[in-house]
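Visitor: task: produce atomic coordinates for the following.
(chains A, B and C)
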Amino acid sequence: MKKIAREILLPISSIFFAFLVGAVIIKASGRSPFLAYQSLLMGGFGSLGNLAQTCLFSIPLIFTGLSVALAYKCGLFNIGGEGQFLLGGLFSMAAGIYIHAPFIIHFPLCLLCGFAGGAVAGAIPGWLKARYGIHEVINTIMLNWICLNFVAYIVNGPMKSPSGLGTPEPLKTAIPPLIIPDSVIPGNQLNIGFIIAIVFVLLVGFYLSRTVQGYNLKAVGLNPMAAEYGGISISKNIFLAMCLAGGLSGLGGTFYYLGDLGRIPSTLSFTGYGFEGIAVALVGGLNPIGVFGASLLFGSLESGGIFMQLNANVPKDLVTIIQALVIIFVIVPGLVQSVFNWYRAKKEKEGFEYS
Amino acid sequence: MDSSKQQNILVELKNITKKFGALIANDKVNLSIEKGEIHALVGENGAGKTTLMNVFYGLYQPDFGKIYLNGTEIHMANPKTAISLGIGMVHQHFMLIPPLTVAENIVLGEEPGNFLTYNKSKAISEVQQISEKHGLNVDPAALVSTLSVGTEQRVEILKLLYRRASILIFDEPTAVLTPQETKDLFRIFNSLKKEGKTIVFISHKLKEVMEISDRITVMRQGKTVGVLVKEKTSEAEIARLMVGRDVLFIPDKEVFPKGDVVLEVQNLQAVNDRHLPALQGVSFTVKAGEILGVAGVAGNGQTELAEVLTGLRSVKNGKIFLKGQDVTQDSPGEKIKLGIAHILGIAHVPEDRHKRGLILDFPVAYNLILGSQNKLPFSKNLILDSQAIQNFAKEKIVEFDIRPGNENLPARYLSGGNQQKVVIAREFSRDPSFLVISQPTRGVDVGGIEFIHHQILSMKKKGKAILLISLELDEILNLSDRIAVLYNGKIMKILERAAATEEQLGLLMAGISEYSSTEKS
Amino acid sequence: MNTLSVVRDFTATTFRLSTPIIFAALGGVISERSGVVNIGLEGMMLIGAFGATVGSYYSHNPWIGLLVGAAAGGLAALIHAILSIHFKADQIVSGVAINMLALGSSNYLLLLLFKTAGNSPAVPTIHWKIFAIAAFILAFLIHYFLYHTPAGLRIRAVGEHPKAADTAGINVFFIRYCCVIASGILAGIGGTYLSISLLNRFTRDISAGTGFIALAAVIFGKWTPVGALGAGLFFGMAYALQFVLPGLLPHGVKIPPEFFNSLPYLLTMVVLVGVVGKAVPPASDGIPYDPKESR
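Guide: Have a look, this model is predicted:
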């Protein structure tokens, strides 16, 4: 019980401090932190439409967050979310455009392709680590850029649409359907990806905590030498973990490009979801349920950020700053602790002066 | 006499207390060292010897307590202070930087030359000079990564001499040395003593302590329990103080009828992690109901032998037969089959429980099924059965007296002895026909040692074949039926326990065979 | 188009594109030699580029801009140092946070100060050749510093085996702080070059991966300053090729620019496979130093 309380306390206090620092920044910019945060909150949760938007924005985050968390459990740091996201998007988009089949076959096939695309981008650094022991951080970073260039080439070359906006739109049978009809919440785009993301949260949770494979994966992450001694293959699990992590990020890209954007644009850049996935995983305490909660929070920041910029005249880039600050506070529990200590010491000192 | 002794006191540590979290490593420890003596600091693993010396060297700050040097109180802020006061320490794990040269390692922090250039040739010549003066025979231009362990130790000594240290602390310096190298080290000790240097020598090997030291301070569970003068004490007295009671455990010497050959090894060869030959043709057999002890100085192929027998390292040449079946893992190119040991029913207590034996952040229950996680009853159709895992853990916790008895506690929070019991419980519960047991009592307290020895003997009674690899000669002598001495990847000789003497084993461990030309059979 | 002018263009372009990579990579070498991994080079460049623009804009003096840019990079590095050295945070995550922080704050300030989400106004600049020459000289200076001065020996010792350095009386934390801040200053200068030398203004996300290429150059150059210089030049050449090559290829043969953009990353991955097994990074690179731990 105490352990759970502590696990929740750290992310919550980290979020609190990040917002506190954010408020100082807003104040220093001559804007009103109160108005800014109010609009951020309104933009994120203020109406059913905004809530739907928050959920929509959280879909790719849930997948990239799960991706980082799963790799981390195997002792791997997946910084390659951006590239896996793009390659997953490309594969699923290709399936969505070129394959003709009824929805019930076509849509799952697109997901499969998206997963496979991400898995390919994860498999390469996974294999290089398993086979040659090369640190995955370097290779995932390198692959991010290689994937970006590769996808940009395909989108502006072989897959270019006559409109010049990027790829053509996918077929109707490949587009994730809306959860809530437009007639109920007008203009909402929340698609079935949200439900599938929740399913994956539960699946990954079950996989990690209840299966032999999850046991093996965690064993390799915590002590590879002991895992090997216990008959668990280090290289197989590293490779598998990177494939699965890549696949999860790839699914994120699938829903983003098939659902949100409806095409891969010609002016391609990193979406930032891969890096935010790191923040989401850390804030979520590297467990799937935590990842889900953190994704909703970060999703609300994104949907609220635009609102904040319009309403309070605070640049929406503040959201990125706050996300970075959350990471900083989470990875440095000592920082939160020392703020507490400083506050307590100050209070004691003040008390002393008054008395 | 008394007053001159008082004057002679060089160092005094008073009431040193150091806590690490809940653990009290040093509890009001006192230590006084006279000028020009060789002072031994003895105690069991975890008695707090190293912590005390790290405090003295400025690596740790004590929670309280005072340090006096020549009667003046000193605040030892960091190693730099210690160095400036003429204190030097050779750590148990050498503090050398492999890609740098001997000279660079030695002058580091006090480089000759000026701010803009350090004078490499001067560094080399200075080191050469000191090395020759003390007869240490080290090449200053060599890279440390190319040196042997014995030479590395001499580089460490040179480091202290370069800094003109007058108080030299050695933390378990003989642990990695052969008896010959130890003798050489003691020769250096004595010559340093003649020059007027003071030496503090941490050890738990009583024979060495009696050989080299002038006075002895004994520590037990973080406290000083006695200060003895060598001439007026005995090994037995020191041992009693170290352990805190009179008699050391003496196991029953019952002899059981031995059974058939369970394990046979023929001309086994393997390489170590650096791809150098580690086993160079090892042959032996182990019978049911027999303990074959493997004695030897660390680094003579023990690690590789255990790993080869349990499928963690591939065989380069030779054969392994288990109950007559060829189980050699040598097919070139083919990856070794992991966990073959568990498939074949070989149990393995690894030499380093933190490195291989346990996953410290897994709960005790999960650690108890490592290697069987994919088998019934712990899992079915690749899904773990939490209930079965918990029940098994609860049973083993009682059977092996693992404390605290909480199966959900991560293994990290158990004491060394209890961690080792988790490993033993797991391995002994596999119902193996053959067991490889390496360093079963390393870093385990006395009570735990006794318990573990009893467990090993009870496995023998059950008719298991056991290979016991240990660096502790006493452990080998107490438990084995036969003793094989491993030296430089080869078995020097296999002796019947009854026929083995400590002296003979010592010579064999140093690679000296009495009948070196005739004794080949 | 004659051959001579092609060669001249190619050389000039190579140097122009190599310079920022070399600066940041030299920073990376210093930081990692002391045992601190610096994934945050990209962010430090970005914030340096922004700082330089602001400095140059308000003072109308690009040299003030250079100072501000270097200081901004150093400041970002200070955060990385505090997190990863003092608080022993995971150095990779800390670097990721620095990158996000730099991206967010440069864009935030861009909108706040210049009322734009795209490009800042034009500012006074410094000629690129000054930077290019400085990068060359600096590489050899840092080489001398690391291998022939007491401070350099200590830095290498700290990166390999901090505890050994500590027991020899060396202040591990101090050395690591200095090295990380120096790496931020160098990355900041690299960023300065991007905004007030290569261009004459700050544009959103101007570093666009240059910091990551610098990271690749650190590895490609085997953690040595001269190696980083060579790798930086090599990567610059790969970029320059895409401007020169189309004119040289037979008619109809096209190599997409994306291929050249990927080349540094691809080569780094290939090289990593090639050097496997040989001693590469400093032994304690990426591991926070905790004197309490036994090794």
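Visitor: distance of C:N2 from B:P173?
Guide: Here the criterion is CB to CB, to the nearest Å. By it, C:N2 lies 74 Å from B:P173. Glycine gets a C-beta too; all of them are placed from N, C-alpha and C.
Visitor: which residue ranges of the stretch 151-295 of chain C form helices?
Guide: For the stretch 151-295 of chain C, helices defined by DSSP state H, counting those that start in this stretch occupy the ranges C:162-167, C:172-193, C:210-220, C:225-248, C:257-274.
Visitor: again, but for the stretch 101-250 of chain A
Guide: With DSSP H, counting those that start in this stretch as the criterion, the stretch 101-250 of chain A has helices spanning A:103-132, A:136-156, A:193-210, A:212-222, A:224-229, A:234-254.
Visitor: and after the helix or strand of chain B with the lowest mean pLDDT, which helix or strand comes next?
Guide: Evaluated with mean pLDDT, DSSP states H and E, the helix-and-strand set of chain B has its lowest mean pLDDT in helix B:2-8, which scores a mean of 54. Beyond helix B:2-8 on the C-terminal side, the first helix or strand identified by DSSP states H and E is strand B:9-20.
Visitor: how about the residues of the stretch 151-295 of chain C near chain A?
Guide: Selection of the stretch 151-295 of chain C residues close to chain A by CB under 8 Å from any CB of the partner chain yields C:205, C:209, C:212, C:215-216, C:219, C:256, C:258-259, C:261-262, C:265-266, C:268-269, C:272-273, C:276.
Visitor: low-confidence ranges, the stretch 151-295 of chain C, go.
Guide: Counting by pLDDT under 70, the stretch 151-295 of chain C contains low-confidence residues at C:275-280, C:292-295.
Visitor: interface residues of it facing chain B?
Guide: Contact residues (CB under 8 Å from any CB) of the stretch 151-295 of chain C with chain B: C:151, C:153-154, C:156-157, C:160-161, C:163-171, C:279, C:283, C:291-292, C:294-295.
Visitor: rerun at 6 Å
Guide: Applying CB under 6 Å from any CB of the partner chain, we find that the stretch 151-295 of chain C lies next to chain B at C:157, C:160-161, C:164, C:167-170, C:295.
Visitor: looking at these, which is nearest B:Y57?
Guide: Using CB to CB, C:T167 comes nearest to B:Y57 of those, at 7.5 Å.
Visitor: assign the residue nearest to the closest one when sequence neighbours are not counted to helix, strand or coil.
Guide: Closest residue to C:T167 apart from its sequence neighbours, by CB to CB, 6 or more residues apart in numbering or on different chains: B:M95 at 4.7 Å. Counting by DSSP: H, G, I helix; E, B strand; the rest coil, the backbone at B:M95 sits in coil.
Visitor: B:M95 contacts C:P162, correct?
Guide: No. Contact status for B:M95 versus C:P162: not in contact, 10.1 Å apart, counting by CB atoms under 6 Å.
Visitor: count of residues packed around the closest residue to C:F173 other than its chain neighbours?
Guide: Distances taken as CB to CB, 6+ apart place C:I85 nearest to C:F173, at 5.8 Å, with adjacent residues excluded. Using other CB atoms under 10 Å in any protein chain shown as the criterion, C:I85 is surrounded by 24 other residues.
Visitor: same question, B:L414
Guide: B:L414: 21 surrounding residues under other CB under 10 Å.
Visitor: now B:F321
Guide: Residue neighbour count, defined by other CB under 10 Å, stands at 16 for B:F321.
Visitor: what does B:A388 give?
Guide: Using other CB under 10 Å, B:A388 has 15 other residues around it.
Visitor: okay, B:M95 and C:P162: which has more neighbours?
Guide: Taking other CB under 10 Å, B:M95 and C:P162 do not tie; C:P162 has more neighbours (25 against 21).
Visitor: list the contacts for the more buried one?
Guide: Counting by CB atoms under 6 Å, 6 or more residues apart in numbering or on different chains, C:P162 makes contact with C:172, C:284, C:289.
Visitor: from memory the second one sits against C:R33, does it?
Guide: No. The pair C:S284 and C:R33 fails to qualify as a contact (CB under 6 Å) at a distance of 10.4 Å.
Visitor: could you check which of these two is surrounded by more residues?
Guide: Counted by other CB under 10 Å, C:S284 and C:R33 do not tie: C:R33 has more neighbours, with 27 against 22.
Visitor: how near is the nearest residue to that one once chain neighbours are set aside to B:D214?
Guide: Across the structure, with CB to CB, 6+ apart as the measure, the residue nearest C:R33 apart from its sequence neighbours is C:G159 (4.8 Å). Taking CB to CB as the criterion, C:G159 is separated from B:D214 by 41 Å.
Visitor: which one's more surrounded, these two?
Guide: C:G159 (28 against 15).
Visitor: phi, psi of B:I494?
Guide: phi -120, psi 120 (degrees, to the nearest 10).
Visitor: same thing with the one 4 residues further on?
Guide: In this entry, B:A498 is assigned phi and psi values of phi -60, psi -30 (degrees, to the nearest 10).
Visitor: kindly report the same for the one 5 residues further on.
Guide: For B:E503, the backbone dihedrals are phi -60, psi -50 (criterion: degrees, to the nearest 10).
Visitor: can you count the residues close to it?
Guide: A count of nearby residues for B:E503, using other CB under 10 Å, gives 8.
Visitor: low-confidence stretches in the chain?
Guide: I'll assume chain A. Judged by pLDDT under 70, chain A has its weakly predicted residues at A:1-6, A:334-335, A:337-355.
Visitor: nope, chain B
Guide: Across chain B, the ranges flagged by pLDDT under 70 are B:1-7, B:22, B:178-179, B:245-256, B:329-343, B:446, B:514-521.
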